[in-house]
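# Build me a structure from this.
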Amino acid sequence: MSAVSPQKLKLSVGSANSVSALLLRPLAARACFIFAHGAGAGMTHEFMETVATGLCDRGIATLRYQFPYMEKASRRPDAPATAHATVRAAVEEAARCCSGLCLIAGGKSFGGRMTSQAQAVAPLAGVRGLAFLGFPLHPAGKPSNERAKHLSDVHVPMLFVQGTRDKLAEPQLLEPVVKGLGTSASLHLVQGADHSFHVLTRSGRNDRDAMSEVVGTLSAWIDATAG
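Numbering: from 1, shown residues only. Below is the predicted model of the structure:
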């Protein structure tokens, strides 16, 4: 467990919104992961905390942040334009706080998709790669690859970390999507994990094992991308 404490920050998103953020930066950090939360839980959720702490222990900083709707305790996610502006504000803050570090952006589910959409619209300044933890390829029970169309407009390396039981990204649909993006995109499947990276007891694994695999995979990819 890292002994480093997160630094509380505030991000301005346009003239209408201000959101909270947490910077967890280890001594001698090698890179910073700009880490957006999923649709149903904010930056302090156990999943977000586990990833941030695990990366810190491996020498990688994280900037976690809230989307405006989560900051206001609303259940309805922001419109894409607002979400994209929030991603850009977080990237700008990370560049300021972690000057000189390699910047990687992405997030859990909704947060990862909003990050990739923002990058597809216009490159995020200084960001060298995108990492997705449970990319939401389609709604549960409605298999489709429509949400992947914008990914062809992303021109930085991408990592997809997905559970094989993820009901928001059927492996047989996601695998050809990632393959079609070329050699700059890679897919790591966590066997037996669902969208939240929970595993069934009968699999012989536990959630701690799955999360260790998620964090280890993400850390190794960030190091490789940082060069």
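
# Skipping its backbone neighbours, what lies nearest Ala140 in space?
Using Cβ to Cβ, 6 or more residues apart in numbering and skipping residues adjacent in sequence, the residue nearest Ala140 is Lys167, 4.5 Å away. Glycine gets a C-beta too; all of them are placed from N, C-alpha and C.

# can you give me phi and psi for the one you found?
When read as degrees, to the nearest 10, the backbone of Lys167 gives phi -80, psi -10.

# got the contact list for it?
Counting by Cβ atoms under 8 Å, 6 or more residues apart in numbering, Lys167 makes contact with 140-141, 194-195.

# and the gap between the residue located most distally from the centre of the chain and Glu93?
Computed with Cα atoms, centre = their mean, the residue of the chain farthest from its C-alpha average is Arg202, at 28.4 Å. As judged by Cβ to Cβ, to the nearest Å, Arg202 and Glu93 stand 43 Å apart.

# repeat for Asp57
Distance, Asp57 to Glu93, using Cβ to Cβ: 23 Å.

# Please apply the same query to Pro143.
According to Cβ to Cβ, Pro143 stands 37 Å off from Glu93.

# Looking at these two, which one has more neighbours?
More neighbours surround Glu93 than the other of Pro143 and Glu93, with 19 against 14 (other Cβ atoms under 10 Å).

# so what strands line up beside whatever helix or strand Leu9 lives in?
Per DSSP states H and E, Leu9 falls inside strand 7-13. Strand 7-13 has the following sheet partners, assigned by DSSP bridges: strand 17-24 (antiparallel).

# Out of the contacts of Lys167, who's the most crowded?
His195 leads those on contacts (other Cβ under 10 Å) with 20 neighbours.

# right, and that residue touches Gly163 too?
Yes: taking contacts as Cβ atoms under 8 Å, His195 lies within contact range of Gly163: 6.4 Å.

# between these two, what contacts are shared?
Gly134.

# counting contacts, what elements does the longest helix anywhere in the chain pack onto?
If you go by DSSP state H, the chain has its longest helix at helix 207-226. The helices and strands touching helix 207-226, judged by 3 or more Cβ pairs under 8 Å, 6 or more residues apart in numbering; DSSP states H and E, are strand 31-36, helix 46-57, strand 60-65, strand 102-108, strand 127-133, strand 158-163, strand 185-190.

# outside of the fourth one, which residues touch it?
Counting by Cβ under 8 Å, 6+ apart, the neighbours of strand 102-108 from elsewhere in the structure are 30-38, 47-48, 51, 87, 90-91, 94-95, 112, 114-116, 119, 124, 126-134, 159, 222, 225-227.

# quick one: it to chain centroid distance?
Relative to its chain's centre, strand 102-108 lies at 6 Å (Cα atoms, centre = their mean, to the nearest Å).

# tell me what the helix or strand following it is packed against?
Per DSSP H and E, strand 102-108 leads on to helix 110-121 as the next helix or strand towards the C-terminus. If you count contacts as 3+ Cβ pairs under 8 Å, 6+ apart, helix 110-121 packs onto strand 31-36, helix 80-97, strand 102-108, strand 127-133.

# Kind regards, and thank you for your time.
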